[in-house]
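K.L.:
Structure for this input, please:
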Amino acid sequence: MEPVKRIEGRAVPLPRANVDTDTIIRIEHLMDADPAQLRGYAFATLRLRADGTPDPACPFNRDDYRDAPILVAGPNFGCGSSREHAVWALRALGIRCVIAESFGDIFHNNCFQNGVLAIALPAAEIASLMAEASTLRAFTVDLEACRVMAPSGHAAAFQVDAWRRQRLLQGLDDLAYLLTTAPDIARWQAADRTRRPWVWQVPACPSPRDDSPGEILA
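P.N.:
This next block holds a predicted model:
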């Protein structure tokens, strides 16, 4: 996982409430893991009209916002079913930070597990950032300072769980962090083998009796 420290670039405005994970990536694409495929399927229900043609009103269809690393969204973003592909689809679009008033709990957790910074800000701040996103000027999200800098120079402070913040700064998911503690785990195991050797004894599995193959051994 790539570290997240400072994200700079344009922000995609998506002023819609309750954008669920099925809107971000449809269920029929959950078997796809290729980022190139997920990029094409991401937000398909918003990007395409009923006749299958691109909707020019959707910001994801505008070249101005292509590969923008920041998304400013409406409240309860990422609600609905738990699907990690929703975050993968965002990453496929180049998004590394989502700013919204609130998030679906599981989606919020999946963001941090997959290198996407999810920031919750009050509705008034979101409205201001949404308006500035339409100027097509660059934002700066500084995770070290916990601050969003809008193009106008307005700074919005945000809070993020200290544990999650540190892991994003270091580029560590759960497994990568666990591997960094391997020496500590080995030392604890060695000490525990000395302190409680009986815990580490693996009993031999009894062999079935030849004269009664169907007997259940006690």
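K.L.:
now stretch 120-133: mean pLDDT?
P.N.:
Looking at stretch 120-133 alone, the average pLDDT works out to 97.
K.L.:
Could you give me the buried positions within that stretch?
P.N.:
For stretch 120-133, the buried set under the neighbour-count rule, 16 or more other C-beta atoms under 10 Å, comprises 120-121, 125-126, 128-130, 132-133. Just so you know, the C-beta spots here come from the backbone N, C-alpha and C atoms, and that holds for glycine as well.
K.L.:
show me where this protein has strands.
P.N.:
6-9, 11-14, 70-73, 97-100, 117-120, 139-142, 147-149, 155-157 (DSSP state E).
K.L.:
Any idea which of the ones you listed gets closest to residue 26?
P.N.:
strand 11-14 (17.1 Å; C-beta to C-beta).
K.L.:
That closest one pairs with which strands?
P.N.:
strand 70-73 (parallel) (DSSP bridges).
K.L.:
Run through who's touching the partner strand.
P.N.:
With contact meaning C-beta atoms under 8 Å, 6 or more residues apart in numbering, strand 70-73 is reached by 7, 9-16, 19, 90, 95-100, 126, 129-130, 133, 139, 141.
K.L.:
ok, of those, which come out buried?
P.N.:
By neighbour count, with 16+ other C-beta under 10 Å, the contacts of strand 70-73 hold 7, 9-14, 19, 90, 95-100, 126, 129-130, 133, 139, 141 as buried.
K.L.:
that older thread, which of the buried residues of stretch 120-133 lies closest to residue 69?
P.N.:
For the buried residues of stretch 120-133, the nearest to residue 69 is residue 133 (12.1 Å; C-beta to C-beta).
K.L.:
right, and that closest one touches residue 11 too?
P.N.:
Yes: assessed by C-beta atoms under 8 Å, residue 133 is found in contact with residue 11 at 4.1 Å.
K.L.:
what do the two both touch?
P.N.:
In contact with both residue 133 and residue 11: 70, 72, 139, using C-beta under 8 Å, 6+ apart.
K.L.:
Could you save the residues you listed as TSV and add columns showing distance to residue 170 and pLDDT?
P.N.:
Formatted as TSV, the shared contacts of residue 133 and residue 11 follow (distance: C-beta to C-beta, whole Å; pLDDT from 0 to 100):
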residue	distance to residue 170	pLDDT
70	21	98
72	26	98
139	23	97
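K.L.:
State the distance from residue 182 to residue 189.
P.N.:
Distance, residue 182 to residue 189, by C-beta to C-beta, to the nearest Å: 10 Å.
K.L.:
show me the contacts for the residue nearest the centre of the chain.
P.N.:
Residue closest to the average C-alpha location in the chain (C-alpha atoms, centre = their mean): residue 111, at 1.5 Å. Contacts for residue 111 (C-beta under 8 Å, 6+ apart) come out as 78, 87, 98, 103, 117-118.
K.L.:
Thanks a lot, see you next time.
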